[in-house]
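K.L.:
Have a look at this prediction, sequence included:
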Amino acid sequence: SAVISQKPSRDICQRGTSLTIQCQVDSQVTMMFWYRQQPGQSLTLIATANQGSEATYESGFVIDKFPISRPNLTFSTLTVSNMSPEDSSIYLCSVDTTNTGELFFGEGSRLTVL
Amino acid sequence: RKEVEQDPGPFNVPEGATVAFNCTYSNSASQSFFWYRQDCRKEPKLLMSVYSSGNEDGRFTAQLNRASQYISLLIRDSKLSDSATYLCVVRPSYNTDKLIFGTGTRLQVFP
């Protein structure tokens, strides 16, 4: 199992600003995953963050909009840049410590952009 | 066609009832299947993996039908605490860690 701490848990931001979400895991993991869950929608993978290399982004997501850092094996950040109301969503980081498909999620960061 | 499709519900059932959810997936090469549970305003958590032979965990039974490309979740003797959204999750292939999530089926159990 894994314990994942995310912050902020929620924030209200102005259009055009940027917000960085932090994710701390209580154990070393090779890959960390960033998901987005928009209201009434499924979880959508934004990118996979590997330590020591650039993140791998899914179709529809780009590094300029969602830059990711992965400075070590227990920590990652996701930045939502130049926010618009369409970015209002829950952002979740997750890890798979057993490589079995069981993802452990942080509690999520609920972002509202005005 | 969505990669993973679920009936969004809600399914409203009385305590003690048996309820079943289905989920279809589009990629016939998909390798691994899971049911996750998500409580309101909480993160998703693994409920159970779905094996080819089917598997049971207490009141919960999951089955896989590869020929028809669907998986199912059966909940017997529903409890109030079973009220949640149940997410169908598929791993498209062995050489990826990516998981595809369905939109979820909402279950509401009433007294």
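P.N.:
That came through fine. What you see is a predicted model; the values in this text were computed from it and never measured.

K.L.:
Not counting sequence-adjacent ones, nearest residue to residue 6?
P.N.:
All of this is about chain A. For residue A:6, ignoring the flanking residues on the chain, the nearest one in space by C-beta to C-beta, 6 or more residues apart in numbering or on different chains is residue A:106 at 3.5 Å. Any C-beta I mention is one placed from the backbone N, CA and C, and that applies to glycine too.

K.L.:
Sorry, I should have been clearer: chain B.
P.N.:
residue B:102 is the one closest to residue B:6 (C-beta to C-beta, 6+ apart), at 4.1 Å.

K.L.:
so how far is residue B:78 from that neighbour?
P.N.:
According to C-beta to C-beta, to the nearest Å, residue B:102 stands 20 Å off from residue B:78.

K.L.:
More neighbours: these two, which one.
P.N.:
Each of residue B:102 and residue B:78 has its neighbours counted (other C-beta atoms under 10 Å in any protein chain shown); residue B:102 has more, 27 against 21.

K.L.:
Hmm, the more buried one is touching residue B:24, no?
P.N.:
No. Using C-beta atoms under 8 Å, residue B:102 is not in contact with residue B:24, being 9.0 Å away.

K.L.:
Which residues are in contact with each of the two?
P.N.:
B:4-5 (C-beta atoms under 8 Å, 6 or more residues apart in numbering or on different chains).

K.L.:
Contact partners for residue B:14?
P.N.:
Contacts of residue B:14 (C-beta under 8 Å, 6+ apart): B:78, B:109-111.
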